[in-house]
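Visitor: generate a structure from the sequence data that follows.
(one chain, ligands or ions: 1)
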Amino acid sequence: MNEVKKNEVSSSCMRLTVSSSCMIHPDALLALLIPSTMTILQTKTDGQRKRGLNENPFNFVQLFRKRNEDKNYKTNRAENKKENREERERRRRRRRDFHLSISSTTFSFSSILFSQFSPSSSLWICCFHFKLPNMASSYTPKNILITGAAGFIASHVANRLVRSYPDYKIVVLDKLDYCSNLKNLIPSKSSPNFKFVKGDIGSADLVNYLLITESIDTIMHFAAQTHVDNSFGNSFEFTKNNIYGTHVLLEACKVTGQIKRFIHVSTDEVYGETDEDAVVGNHEASQLLPTNPYSATKAGAEMLVMAYGRSYGLPVITTRGNNVYGPNQFPEKLIPKFILLAMQGKNLPIHGDGSNVRSYLYCEDVAEAFEVILHKGEVGHVYNIGTKKERRVIDVAKDICTLFSKDPETSIKFVENRPFNDQRYFLDDQKLKNLGWSERTTWEEGLKKTMEWYTQNPGWWGDVTGALLPHPRMLMMAGGLEKHFEGSEDEKPASVVSTNTQMVVPSAKNTSTQQKSPFKFLLYGRTGWIGGLLGKLCEKQGIPYEYGKGRLEDRASLIADIQRVKPTHVFNAAGVTGRPNVDWCESHKTETIRTNVAGTLTLADVCREHGLLMINYATGCIFEYDAAHPEGSGIGYKEEDKPNFIGSFYSKTKAMVEELLREYDNVCTLRVRMPISSDLNNPRNFITKISRYNKVVNIPNSMTILDELLPISIEMAKRNLTGIWNFTNPGVVSHNEILEMYRDYIDPNFKWTNFTLEEQAKVIVAPRSNNEMDGSKLKKEFPELLSIKESLIKNVFEPNKK
Ligand SMILES: NC(=O)c1ccc[n+]([C@@H]2O[C@H](COP(=O)([O-])OP(=O)(O)OC[C@H]3O[C@@H](n4cnc5c(N)ncnc54)[C@H](O)[C@@H]3O)[C@@H](O)[C@H]2O)c1
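Guide: Reported below is the predicted structural model:
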């Protein structure tokens, strides 16, 4: 029989004793606990009570183990006595009136605990403390640090608090990653109670410095890598920012010891997928079962927050929110992406069949929820910020089509699904409602406001082509882009804090409406053919770029370049190819190794260390026709094939480095072959070369038309594509076919003589590779890519036609 006795009541708590001579059903316990804001403070077994042993009330595993050890109690008694005394003392020192909300972990342990003991087992006494809501709070925030507030949600929160609470000082810390925008904070920037600091939450020195110098008493922690699609790529960035970054903040709170509230912003995704037919949403005590790397890092961060609350008494509150939408959101996320695509008259790509369900809250409502939690939230508690209203992704797309008067039948395109796409996140939103919050904005109203904002601010984000792709992979930036407050009438500089971390000093008077490029390229290979062409292309496309000054093999000089240029992407078109041809490498082997192997690897490594993507112009001259890929068969070498041509020292070094670069997930290797451009005077151009030779072999090969493919390599950088790519136009063309075109388009009198491969071998030092590369991977990514012969005519011979 279970008996619940109320045996102690104070102004803020009452103690209930649950005595049980039989097993308490966990569901009954659950029903008892959920409506309350209860904290388990003490749990004792008979044996422990007899011995006066105060166990850690939360460590049920330890409790259970201890109880089993009771059997050996007598024999171990003397030994245990000393240990128990020490333990008792340690726990006595640590015990305090902490209020840990009942977490899923606690529940599962309580379930185990209660089901482990049969009705006939010894008497259990569990003492529960019920904390009565809203009775203990005399807290008023003064100096609030908001992390990640140049991003979406936190910018609304910061602007709201700055506007509504002139007595609060709001300090914003953001590293200005790709998804942030200082313009999001324009409403606050001239307010005396607002301060922006550019910096990384992962920098302990900076965080400690800020907490102390700004006398921070409250932290609202939003900064994170937030895009699930990205987390399927470079998930280490998520661990670094979301878990490590949170840990640094928590440690700074511990060290400085002045924080009265730490509001940790988590997500509904930590609960994992909700069953399609579930009618009850995840409540705050539900188990955390994240399914993707993003949500796993968010759950990991939550565990640290909980641990700091428990271990050091940090007054923590955690929120878990549904999807948020509205102005200021970076267009990689569904709603702004669909709006921008619809504005551009493009199709709306839907992952999978669009049946996934999401719950959406308007940003202003969410900002209000944070205001309520800041003032009324109970320390130690978790609050879902949710809505019961759910929408299928396909219906969101249809609603956006309707707003833009587009036909959903023709405007919606179904694309490949994510590796894992949760069907539904359904939250129980009652707990926050009990604090007095409820959503105000209807879906129709919110979507209309959002659509109007994006149509009025089409250039808010600059060039976001990459983000509008079906599966965008934006690059998380180590240093962040230098960005400025722009576009407001009043350009008075916001406050900045001077530390050794790079800070943004908002621009001086600048009323220019010119859009800033979100990219900055660092190029290596200035004096080379491809490197030179890349610079010209960047100029043409308005992409800021600089050439690297460092030598590839000199690590320090590369780091200096990156610190100076602060690039978003690095392009390596530097390397030793030999002048006038690759024969040079046969007699300059160490120089070839230094640049092509040591240099390329050093650059890749430095880029990786700085979270940068490196586009590497490599070569396809590492294959030769063989029995499995015979000449004329149409069977080309694929990206995963291992090099089989090391006849020349040049090819040997390139094959070695390509193999090693496979270990670098920040590198995009482009296998260029026999490059051709429309500049027929350039001595490096394959056509120029063969049209000047006395004799030429005649063998089909895959080749790269630079006029078409170099812009594609820039697009690949914007899409943050990595891995190995055959970077040739699909198909093959023979020497004679090219020379025939040359005769037809350029010089009707042109004649040439062929010789055999054996004859050629006598006049060259190193053997040359001949092969066909399989171009299907590139063609799939860029369906408009022309075959080699089409591209030769369109990009090389037609423009040079005489
Ligand atoms: N957007 C949603 O629908 C949603 C839903 C639930 C929970 N959340 C959570 O809310 C928070 C904010 O989400 P959002 O959509 O506004 O994100 P966002 O991607 O728009 O903004 C994140 C901000 O954090 C900054 N940042 C990232 N790493 C940083 C670091 N190491 N140091 C300093 N700044 C850093 C970025 O520069 C950016 O300004 C996140 O913690 C997210 O997990 C978002």
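Visitor: and the residue of the stretch 651-800 of the chain nearest the ligand?
Guide: N720 (15.8 Å; CB to the nearest ligand atom). For the C-beta atoms, the positions are set from N, CA and C on the backbone; glycine is no exception.
Visitor: which strand or helix spans that residue?
Guide: According to DSSP states H and E, N720 maps onto no helix or strand at all.
Visitor: ok, the one residue in the chain that gets nearest to the ligand - how many residues close by?
Guide: Among the residues of the chain, G151 lies closest to the ligand, at 2.0 Å counting by CB to the nearest ligand atom. Look at G151: counted by other CB atoms under 10 Å, it has 23 neighbours.
Visitor: I figured it was touching F222, is that so?
Guide: Yes - proximity of G151 to F222 meets the contact threshold set by CB atoms under 8 Å, at 6.7 Å.
Visitor: enumerate every residue touching the residue of the chain closest to the ligand.
Guide: D174, D177, C179, S180, N184, F222, A223, T226, F330 (CB atoms under 8 Å, 6 or more residues apart in numbering).
Visitor: now with 7 Å?
Guide: D174, C179, S180, F222 (CB atoms under 7 Å, 6 or more residues apart in numbering).
Visitor: do you know how far the nearest residue to F152 once chain neighbours are set aside is from S231?
Guide: In space, F152 comes closest to Q329 once its chain neighbours are excluded; the distance is 4.3 Å by CB to CB, 6 or more residues apart in numbering. Distance of Q329 to S231, computed by CB to CB, to the nearest Å: 17 Å.
Visitor: isn't E332 right next to H227, touching?
Guide: Yes - with contact defined as CB atoms under 7 Å, E332 reaches H227; the gap is 5.3 Å.
Visitor: so which of those two has more stuff around it?
Guide: Applying other CB under 10 Å to E332 and H227 shows that E332 carries more neighbours, namely 24 against 21.
Visitor: for the residue nearest to the more buried one when sequence neighbours are not counted, list the residues it contacts.
Guide: Sequence neighbours aside, A467 is the residue nearest to E332 in space, at 4.3 Å (criterion: CB to CB, 6+ apart). Contact analysis of A467 by CB under 7 Å, 6+ apart lists F330, P331, E332, K337, M474.
Visitor: of the residues you listed, which are in range of the ligand?
Guide: Restricting these to those near the ligand by CB under 6 Å from any ligand atom leaves F330.
Visitor: in a markdown table: the contacts of A467, plus pLDDT.
Guide: Formatted as a markdown table, these follow (pLDDT from 0 to 100):
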| residue | pLDDT |
| --- | --- |
| F330 | 94 |
| P331 | 93 |
| E332 | 89 |
| K337 | 95 |
| M474 | 54 |
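Visitor: tell me which of the contacts of A467 fall in helices.
Guide: Counting by DSSP state H, the part of the contacts of A467 found in helices is K337.
Visitor: ok, of the contacts of A467, which come out buried?
Guide: F330, P331, E332, K337, M474 (16 or more other CB atoms under 10 Å).
Visitor: all strands of the stretch 251-400 of the chain, in order?
Guide: Ranges of strands in the stretch 251-400 of the chain, per DSSP state E, counting those that start in this stretch, are 261-267, 316-321, 323-325, 348-351, 357-362, 382-385, 390-392.
Visitor: is the last one positioned near the ligand?
Guide: No - no part of strand 390-392 sits near the ligand under the criterion CB under 6 Å from any ligand atom; the closest distance found is 13.5 Å.
Visitor: run the chain-centre distance for that strand.
Guide: 25 Å (CA atoms, centre = their mean, to the nearest Å).
Visitor: alright, I will stop here.
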